[in-house]
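# Structure for the following, please:
(chains A and B)
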Amino acid sequence: MDMSAAIDTSQGHVASAVRTDAPPAIVLDKVNKWFGALHVLRDVNLQVATGERVVVCGPSGSGKSTMIRCINRLETHQEGHILVDGIELSDDVRALDAIRREVGMVFQSFNLFPHLTVLENCTLAPIWVRKMPKKQAEELAMEYLTRVKIPEQALKYPGQLSGGQQQRVAIARALCMKPKIMLFDEPTSALDPEMIKEVLDTMVMLAAEGMTMICVTHEMGFARQVADRVVFMDRGEVVEVGTPEQVFNDPKTDRLQLFLSQILRGH
Amino acid sequence: MSDITANSPPVAAGSPPRSAPITAVGPIAWLRTNLFSGWLSTAVTLVLGYLVIRAVMGFVDWAFINAIWSVPVAPNGQAQTQACRELQGSGACWAVVTEKHRFMLFGTYPYEQHWRPALVCILFVALYIVSALKRFWNWTLVPIWIGTLTAIGVLMWGGLFGLPYVPQERWGGLPITLILATFGLAFAFPLSILVALGRRSSLPAIKVLCILYVELIRGVPLISLLFMASVMFPLFLPEGMNIDKLLRAQIAIILFAGAYLAEVVRAGLQALPKGQYEAADAMGLSYWQKTGLIILPQALRTVIPPLVNTFIGFFKDTSLVLIIGIFDLLTAGKTAIVEPSWQGFGIEVYVFVGSIYLVFCFAMSKYSAGLESDLNRHRRR
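Predicted coordinates:
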C-alpha cells in the first residue's frame, strides 16, 4: 500500500477492490424509520460487499444521512434488519459496541473534540476502547496523521486548524481505530471550495487501499473516480442503483433526471 | 496587506508596518478618550473624582487617624471603653477587635485550646492551595483530602493523643464557616454533576427523580431547610438516636447547594453541540467514558463563571446556620458585642468579619478567573 503517491481526483477510476468471496460488509433489509409521523426511510434494501465503495446521493431530506447514521446506530431503525460485519444491530449493547469498533465515521461538521489536541483526539479511542498502551497509540496516530499529511499539527488544538485540515484529522481519528468500514456523512459540505480537494484526495487514497466505504456526497467527480456503485435516494427510498456511468449518464427515472439537472446546473 | 479602499493609493507589498500614532495610544490618549472627551464628560469626571476623594479621606480619618486601637482593661475584666465612646463615631474603635478577635474567630471553644481551631484554619487554607495547584490534580488529592480532614476532625474534637475532648456545641467562629463551606461544596459539587446528568438521562425513573429533587429543594428557602434539619428531622428518628446538629445543618447545605449547582452544570451540558455526543458514540466510547472524557471536561469549563458565582454565594450562605444556633463566624462576631461595655461597636466588628469573608471570596474569584483562561487555551487561535 503505497501512500506517498498522491492520487489526484482528476485521474482515472481507482481499481475496484470488491471481494465477492467474503460475506457482505453491510446488509440493509427492508429498513423503515419514522421521525414522529414522518416516514424517512421506506423499505430500504442495500448490500455492500467487503471492499466495495458506495456513494449515496440525493436531494436534501431524502434520508441518505439518516440511512448511514442507522448503520452505526446513531439513529435507530424501527423495522427491518441491519447487519454489519455479520452482526445484527439491536438493543444489545455488546453487539453495538462490537460494531462501533469496526465502523469509523466522518461527519459533515468534523466533530473533533476541541479541548483535546489533534494527537489526543486520535489516541482517545484506541486507548480507551481498544485498551492500547498510550505510547503505541501515539505512534499509530502519528502514522495516520502522516498519511493525511498533517503530522506537524499533532500538538495543536482543532480550533487552530483550517476546515480542510480538521476534516483530515477527523479521518485520521476514525482510522486509528483500524475500522473495517468507513462511513462519510457529507464530509466536504462544510468546507470552503479550495479545501474540498485535499479531503477528497485523502478519501481517494483510502479507497485505493481497499477500504469498504459508504459516502454520502454530491461530489460527482469523486463518485465517478472511486465508486463501485452509486445509490440515488429520494423521499426515503432507494430509487436507482448502478455504476457511476449508468446512474449519471443513463438515468432511468424522472426523479434522478431532475436531480441531476439541478446539481449540474449548480456546477 | 490589509484591505485597501478604492480611493487610497496602492500600498507596495511588504512595506514595513508602522506603529500607531502617539495621540492614539498611551496614558494621555486614554485619559482624553475615557475621562475628558467633552465638557459633559469632564464635568462628570470632576464631580465623581471629588466624591471619591471625599469618601476615601473620610474612611482614612475614621479607620486610621482617629481610631483607637486598644483600651485599658479593669482588674475585674471589664474593658474601659470611655475613650471609644467619647469619639462619638468620628473614629473607629478597633479595640473591640483587639480585645475580642479570639472570640470572633473561635467562638466558645476553650480559650487555652485556641491553637487547635487556629491550626484547623491553617490546614483548611493549605488544603485549598494544594487542591488549586494543577500539579496535584490526580489521585494523590484523595489521600491528601482524607488525611487533612481526619486531622481536622481530631484537632476539633480531641479526645485523642492527649488532647482534651471538646464537644461540638462549643465549636464556633471561622472553623465552623470553613467546615460548612468545604464539606458543603466538596459533596454538593459531585452530587450536582450526577443530578445534572440524571436530568438528561433517557431512563424515565432517574430523570423524574432528579427533576423532583431539584425543583423541591430549589423551591424552598435555605432557612426553612435548616429549620427542618434541626427541628423536624430528629422527630422522625427512633428514640435515643441523635445526629449531631452540625451534621444535620451540613446535610441541608449539601442538598441545597447540590440543587443549585446541578442547574449550572446542566446549562453547561446543554451548551455542548450534539455532534460531540455523536462523535464519542461513533468511536465506541461507553457512557461513562464519553461523559468523563468528552462531555464534562467541556461542559464544566463553559460554566466556570456561574459555578464560582454559586460557590461564593454558598460560602456566605453558611452564615444562615445562626438561626439554628450554630456559632459560625458572623454569629460569633455578633455575640462578641452583646457584652454591655462593647455594645454599639457593631460597625468595627462587621468590617472585621466582612473582610475575612472578602479575603476568601476574592481569592476564589481571582483563582477562577485564572483557571478559566488557562483551561480555555484551546479556544484561542
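# Okay, strands next: where are they in the chain?
All of this is about chain A. Secondary structure of chain A, counting by DSSP state E: strands at A:26-35, A:38-48, A:53-57, A:79-84, A:87-88, A:103-106, A:181-185, A:212-216, A:229-234, A:237-242.
# ah, I was thinking of chain B
With strands called from DSSP E, chain B shows none.
# quick one: low-confidence parts of the chain?
All of this is about chain A. Across chain A, residues meeting the criterion (pLDDT under 70) sit at A:1-12, A:265-267.
# actually it's chain B I care about, not the one you picked
Within chain B, the segments meeting pLDDT under 70 span B:1-14, B:21-23, B:77, B:79, B:238-242, B:380-381.
# Can you pull the residues of it lying near chain A?
Within chain B, the positions near chain A by Cβ under 8 Å from any Cβ of the partner chain are B:273, B:275-276, B:278-286, B:289, B:293-294, B:297-298, B:301, B:377-381. C-beta here means a position set from N, CA and C on the backbone, and glycine is covered the same way.
# one more time with 10 Å, if that's ok
Selection of chain B residues close to chain A by Cβ under 10 Å from any Cβ of the partner chain yields B:273-287, B:289-290, B:292-295, B:297-298, B:301, B:375-381.
# Buried subset of these as a PyMOL selection?
PyMOL command restricting these to the buried ones, with burial defined by 16 or more other Cβ atoms under 10 Å in any protein chain shown:
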select buried, chain B and resi 276+277+278+279+280+281+282+283+284+285+289+290+293+294+295+298+301+375+378
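# Inside helices: which ones of the residues of chain B next to chain A?
Among these, DSSP state H puts B:274-282, B:287, B:289, B:297-298, B:301, B:375 in helices.
# Close to chain B: what parts of the stretch 1-150 of chain A are there?
A:69, A:72-75, A:93, A:96-117, A:120-121, A:124-130.
# Looking at the record's assignment, how would you partition chain B?
Split into domains by automatic domain parsing, chain B comes to B:26-65, B:174-326.
# Can you lay out the ones you listed as JSON lines showing distance to residue A:172?
As requested, these are exported to JSON lines (distance: least, Cβ to Cβ, whole Å):
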{"stretch": "domain B:26-65", "distance to residue A:172": "48"}
{"stretch": "domain B:174-326", "distance to residue A:172": "13"}
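# most neighbours per residue, which of these?
Among the domains of chain B, ranked by average contacts under mean count of other Cβ atoms under 10 Å in any protein chain shown, first place goes to domain B:174-326 (a mean of 18).
# Residue A:189 contacts residue A:219, correct?
Yes. With contacts counted by Cβ atoms under 10 Å, residue A:189 reaches residue A:219, the gap being 9.3 Å.
# Out of the strands of chain A, which gets nearest to residue B:64?
Judged by Cβ to Cβ, the one of the strands of chain A that comes nearest to residue B:64 is strand A:103-106, at 68.3 Å.
# Restricting to C-alpha, output the closest one in CSV.
The C-alpha atoms that make up strand A:103-106 are tabulated as CSV, following Å, rounded to 0.1, in the frame of the first residue of the first chain:
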residue,chain,number,x,y,z
VAL,A,103,-17.1,1.2,11.8
GLY,A,104,-15.4,4.6,11.5
MET,A,105,-17.5,7.7,10.9
VAL,A,106,-16.6,11.1,9.4
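# Name every strand pairing with that strand and say which way it goes.
Applying DSSP bridges, strand A:103-106 is found paired with strand A:181-185 (parallel).
# what's the most distant pair in the ones in helices among the residues of chain B next to chain A?
Comparing all pairs in these by Cβ to Cβ, the longest separation belongs to B:282 and B:375, at 25.8 Å.
# Now do the contacts for the nearest residue to residue B:268 once chain neighbours are set aside.
Counting by Cβ to Cβ, 6 or more residues apart in numbering or on different chains, residue B:268 lies nearest to residue B:299, which is 3.4 Å off, once chain neighbours are set aside. Applying Cβ atoms under 10 Å, 6 or more residues apart in numbering or on different chains to residue B:299 gives the contacts B:193, B:196-197, B:264-272, B:276, B:291.
# rerun at 7 Å
Going by Cβ atoms under 7 Å, 6 or more residues apart in numbering or on different chains, residue B:299 touches B:265, B:268, B:269, B:271, B:272.
# before we move on, the earlier item: out of the residues of the stretch 1-150 of chain A next to chain B, which are buried?
Buried among the residues of the stretch 1-150 of chain A next to chain B (16+ other Cβ under 10 Å): A:69, A:72-75, A:96, A:99-117, A:120-121, A:124-129.
# So which of the residues you listed are in helices?
Cross-referencing those against helices under DSSP H gives A:69, A:96, A:99-102, A:120-121, A:124-128.
# Output those in a markdown table, with distance to residue B:178 appended to each entry.
Formatted as a markdown table, these follow (distance: Cβ to Cβ, whole Å):
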| residue | distance to residue B:178 |
| --- | --- |
| A:69 | 52 |
| A:96 | 48 |
| A:99 | 52 |
| A:100 | 47 |
| A:101 | 49 |
| A:102 | 53 |
| A:120 | 37 |
| A:121 | 41 |
| A:124 | 39 |
| A:125 | 43 |
| A:126 | 44 |
| A:127 | 39 |
| A:128 | 38 |
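# Quick check: the gap between the most centrally placed residue in chain B and chain A.
Closest residue to the average C-alpha location of chain B: residue B:312 at 3.1 Å, with Cα atoms, centre = their mean. Residue B:312 sits at a distance of 25 Å from chain A (criterion: Cβ to the nearest Cβ, to the nearest Å).
# list the contacts for that residue?
Contacts of residue B:312 by Cβ under 7 Å, 6+ apart are B:361, B:364, B:365.
# What would I type in ChimeraX if I wanted to highlight the buried members of those residues and nothing else?
Per 16+ other Cβ under 10 Å, the buried members of the contacts of residue B:312 correspond to this ChimeraX selection:
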select /B:361,364
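# which among the contacts of residue B:312 gets closest to residue B:124?
When these are ranked by distance to residue B:124 (Cβ to Cβ), residue B:364 comes first, at 13.2 Å.
# Pull the most distant pair out of the contacts of residue B:299.
Taking Cβ to Cβ as the measure, the contacts of residue B:299 span a maximum distance of 11.6 Å, between B:265 and B:272.
# What sits closest to residue B:166 if chain neighbours are left out?
The spatial neighbour of residue B:166 that comes closest, neighbours along the chain excluded (Cβ to Cβ, 6+ apart), is residue B:158 at 5.3 Å.
# Compute the distance between the one you found and chain A, please.
Counting by Cβ to the nearest Cβ, the separation of residue B:158 from chain A is 46 Å.
# For the stretch 151-267 of chain A, which residue gets nearest to chain B?
When scored by Cβ to the nearest Cβ, the stretch 151-267 of chain A has residue A:157 as its residue closest to chain B, at 3.9 Å.
# burial of that residue, as a residue count?
Look at residue A:157: counted by other Cβ atoms under 10 Å in any protein chain shown, it has 21 neighbours.
# just checking, it touches residue B:376?
No. Checked against Cβ atoms under 7 Å, the pair residue A:157 and residue B:376 is beyond contact range at 10.5 Å.
# Centre of the chain to stretch A:74-82, how far?
Relative to the centre of its chain, stretch A:74-82 is centred 18 Å away, using Cα atoms, centre = their mean, to the nearest Å.
# Off-centre distance for the helix ranked longest in chain A?
Longest helix of chain A, by residue count under DSSP H: helix A:193-208. The gap between where helix A:193-208 is centred and where its chain is centred comes out at 12 Å by Cα atoms, centre = their mean.
# Which elements pack onto it?
Counting contacts by 3 or more Cβ pairs under 7 Å, 6 or more residues apart in numbering or on different chains; DSSP states H and E, helix A:193-208 packs against helix A:163-175, helix A:220-226.
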